[in-house]
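Engineer: sequence first, predicted coordinates after that:
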Amino acid sequence: MTARHQPTPSTGAEATPPTNSSLNRDDTFDPAERTAALTSVLVVDDDSWTTRAVAAALDDAGSFRVLDPVHSGEEAIVAFDAERPDLVLMDVNMPPGMSGVDATAAIMDLDPEARVVLLTTVSPGPGIARALEAGALAVINKTAGERELVSLVRAASAGESPELLRGLAEDIVISGDALPDAPDAAPQLTARELELLTLLCQGHSYEEIAADQSVAMSTMKSHARNLRLKLGARNLAQLVVRALQFKFFSPE
């Protein structure tokens, strides 16, 4: 005869199975911490359609906190001083008030570590070179697709990068903007330094340049820093301006 299975007697109170709410609840979740982890972006443009479109693209990306947009250079300075965003997207020309060039300069005076990216039209107008001289670190066209916009904003908010320089020299030349006066006479560059400057102006990544010059990444970055010092450039974008001022580089 087959033995019947007997249930094992309970030795204590059975554990209550976890509910869905207890499984999904994160007692450590703090909405304020999540908001603080997002990259804050201030959009400045006199065209409300542009500010809405840019804000919508960044909101959809899920990793940005877009502040209330402003529509003049004067408002940009006030908003930056109050909010201290991680990144400012700044229109270059906003008549009849303060231009994006002057607003960028004022923001850099408030915070020399501020990160400003210029918003330009299909045919960039005057002001790009002067805004870069003031401290802006990149340029993006207002007609850029959402993926390109989000990618550039992420890169710029992480810090300057040679990839942000791609097409920058061409934009400056197309703008027809008179280049600001260079701070000093043109320095003498070695063939190696001139080669590095050309690769940076073309927007090659640090990895690509290190491989091209057969040097370690740390060595290549050190050379790039020394080149900036030699040319009196506070950032990589100004390095492009210096290259054009001293005629070390010309976009094809």
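Structural biologist: Thanks, I have it. Numbers count the residues shown, from 1 in each chain.

Engineer: where does this protein dip in pLDDT?
Structural biologist: In the predicted model of the chain, residues 1-36, 122-125 satisfy pLDDT under 70.

Engineer: can you give me the strands in this structure?
Structural biologist: With DSSP state E as the criterion, the chain has strands at 39-44, 64-66, 87-91, 116-120, 138-141.

Engineer: among those, which is nearest residue 175?
Structural biologist: strand 116-120 (7.9 Å; CB to CB). Any C-beta I mention is one placed from the backbone N, CA and C, and that applies to glycine too.

Engineer: now that closest one: buried residues?
Structural biologist: 116-120 (16 or more other CB atoms under 10 Å).

Engineer: closest to the centroid, which residue in the protein?
Structural biologist: Central residue of the chain (CA atoms, centre = their mean): residue 156, 1.6 Å from the mean position.

Engineer: contact partners for that one?
Structural biologist: Residue 156 makes contact with 87, 115, 117, 137-138, 164 under the criterion CB atoms under 8 Å, 6 or more residues apart in numbering.

Engineer: can you do 10 Å?
Structural biologist: 39, 41, 86-89, 115-117, 136-138, 140, 163-164 (CB atoms under 10 Å, 6 or more residues apart in numbering).

Engineer: just residue 129 next, same as before
Structural biologist: 101, 168, 171-173, 175-180, 237-238, 240-241, 244-245.

Engineer: if we go to 8 Å?
Structural biologist: 172, 175, 177-180, 241, 244.

Engineer: so how far is residue 245 from it?
Structural biologist: 9 Å (CB to CB, to the nearest Å).

Engineer: now residue 209
Structural biologist: 22 Å.

Engineer: now restrict the contacts of residue 129 to buried residues only.
Structural biologist: 172, 175, 177, 179, 241, 244.

Engineer: now do residue 217: how many residues are near it, please.
Structural biologist: Residues near residue 217, counting by other CB atoms under 10 Å, number 12.

Engineer: brain fart, residue 185
Structural biologist: Residues near residue 185, counting by other CB under 10 Å: 7.

Engineer: next one: residue 143
Structural biologist: Neighbours of residue 143 using other CB under 10 Å come to 10.

Engineer: check the one 3 residues further on too.
Structural biologist: Burial measure for residue 146: 14 neighbouring residues, criterion other CB under 10 Å.

Engineer: I figured it hits residue 59, correct?
Structural biologist: No: with contact defined as CB atoms under 8 Å, residue 146 does not reach residue 59; the gap is 10.8 Å.

Engineer: distance check, the residue lying closest to residue 168 once chain neighbours are set aside against residue 138.
Structural biologist: The shortest distance from residue 168 to any non-neighbouring residue, by CB to CB, 6 or more residues apart in numbering, is to residue 240 (5.1 Å). According to CB to CB, residue 240 and residue 138 sit 10 Å apart.

Engineer: find residues that contact each of those two.
Structural biologist: 165, 168.

Engineer: quick one: the residue nearest to the centre of the chain from residue 149, how far?
Structural biologist: 11 Å.

Engineer: what does residue 75 give?
Structural biologist: Residue 75 is 22 Å from residue 149, by CB to CB.

Engineer: cool, residue 206 as well?
Structural biologist: Taken as CB to CB, the span from residue 206 to residue 149 is 23 Å.

Engineer: in terms of packing, which of the two has more residues around it?
Structural biologist: residue 149 (22 against 16).

Engineer: the closest residue in space to that one that isn't next to it in sequence: neighbouring residues, count only.
Structural biologist: Take residue 149 and drop its neighbours on the chain: the residue closest to it by CB to CB, 6+ apart is residue 57, 5.4 Å away. A count of nearby residues for residue 57, using other CB under 10 Å, gives 19.
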